[in-house]
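Chemist: Structural data only, the sequence is not supplied:
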């Protein structure tokens, strides 16, 4: 390589270096802190900027996007003196580049230490059982405490999330036994409640069955009584109609003789019935005497309400 070429390359490198120090392009969601002769001068936002080289120097470059910092696991002691291992994640973002540059020397380290000390303090206020139930409360308390302290650093803490809470092995075994006992207790309660409900349902079914059967029997008796009443009324109506027809037949010419003939034919049957009813009648001594039988029969007709004409004695 010749000497002229080397000089050209050195001049090109010098020009490139000067241009890179003069023309500054700041990306979106970034902030550059500029010092003038060793003192803070300004903070450059996103866009194109021109600086005087060797006088203005970009000292700090900050990313303004939300960032996550892993909080390592640490041992914490609960209020009931149980040691648990707790780790988490802290979400934060820089809101003031100047204070983030000059307010703290090592921002991530400071945030981690502050999160761990605050978490130990919050865990120490709770019993072991409540540490599992109060995760949301613990997270919010840690965010509040860290946000107060980090305000001077130009940092906004957005949220903190506990990843794991690890009790000692002996405590874990005891908790498993307790949970198993609780599950068995709930299973027994549910089983007894199921049996109780089944007995109640069975008794209710029997009750409804008895009620339905009694109602059916009652309706059956009502129907039978109504049927018997209808039958009695029908028989009485038919009897009354028959008697009226007989009475009408007696009034027409030859009707009385027809009635006598009819009475004579049914005499034997009617006589038996009259005897069973206990009526007081005069029974002829000679049953072959037709006139006596007719007189007796007409006496029956008369007792039934009829008004027959006088019977001739032969």
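Modeler: Right, received. Where do you want to start? Quick caveat: nothing in here was measured; it's all calculated off a predicted structure. Numbers count the residues shown, from 1 in each chain.

Chemist: give me the number of residues near residue 119?
Modeler: For residue 119, the count of nearby residues is 25 (other C-beta atoms under 10 Å). For the C-beta atoms, the positions are set from N, CA and C on the backbone; glycine is no exception.

Chemist: One more: the one 4 residues further on?
Modeler: Per other C-beta under 10 Å, the neighbour tally for residue 123 reads 25.

Chemist: Next up, the contacts around it.
Modeler: Residues near residue 123 by C-beta atoms under 8 Å, 6 or more residues apart in numbering: 76-78, 84, 86, 131, 138.

Chemist: taking those one by one, which sit in helices?
Modeler: Counting by DSSP state H, the contacts of residue 123 place 131, 138 in helices.

Chemist: Would you mind checking the contacts of residue 123 for buried ones?
Modeler: Buried by 16 or more other C-beta atoms under 10 Å: 76, 78, 84, 86, 131, 138, out of those.

Chemist: Residue 171: which of those residues is nearest?
Modeler: residue 84 (8.2 Å; C-beta to C-beta).

Chemist: Who is the closest one paired with across the strands?
Modeler: residue 76 (DSSP bridges).

Chemist: Now do the same contact list for it.
Modeler: Residue 84 sits in contact with 75-78, 123, 128, 131, 165-168, where contact means C-beta under 8 Å, 6+ apart.

Chemist: swap the cut-off to 10 Å and go again
Modeler: Residues near residue 84 by C-beta atoms under 10 Å, 6 or more residues apart in numbering: 73-78, 123, 128, 131-132, 164-168, 171.

Chemist: try residue 28
Modeler: 45-47, 64-65.

Chemist: how about a cut-off of 6 Å?
Modeler: residue 46 (C-beta atoms under 6 Å, 6 or more residues apart in numbering).

Chemist: Over to it: give its phi and psi.
Modeler: phi -60, psi 150 (degrees, to the nearest 10).

Chemist: Same check on the one 3 residues further on?
Modeler: Backbone geometry at residue 31, expressed as degrees, to the nearest 10, gives phi -140, psi 130.

Chemist: so what's it closest to, chain neighbours aside?
Modeler: In this structure, residue 31 finds its nearest non-sequential neighbour in residue 97, 3.8 Å apart by C-beta to C-beta, 6 or more residues apart in numbering.

Chemist: show me what contacts that neighbour?
Modeler: Residues in contact with residue 97 (C-beta under 6 Å, 6+ apart) are 31, 33, 43, 62.

Chemist: if I look at residue 171, how far off is residue 76?
Modeler: Distance of residue 171 to residue 76, computed by C-beta to C-beta, to the nearest Å: 13 Å.

Chemist: do residue 188 as well
Modeler: 36 Å.

Chemist: Name the nearest residue to residue 99, ignoring sequence neighbours.
Modeler: Going by C-beta to C-beta, 6+ apart, residue 99 has residue 154 as its nearest residue, at 3.2 Å.

Chemist: Look at residue 159 and tell me its secondary structure.
Modeler: strand (DSSP: H, G, I helix; E, B strand; the rest coil).
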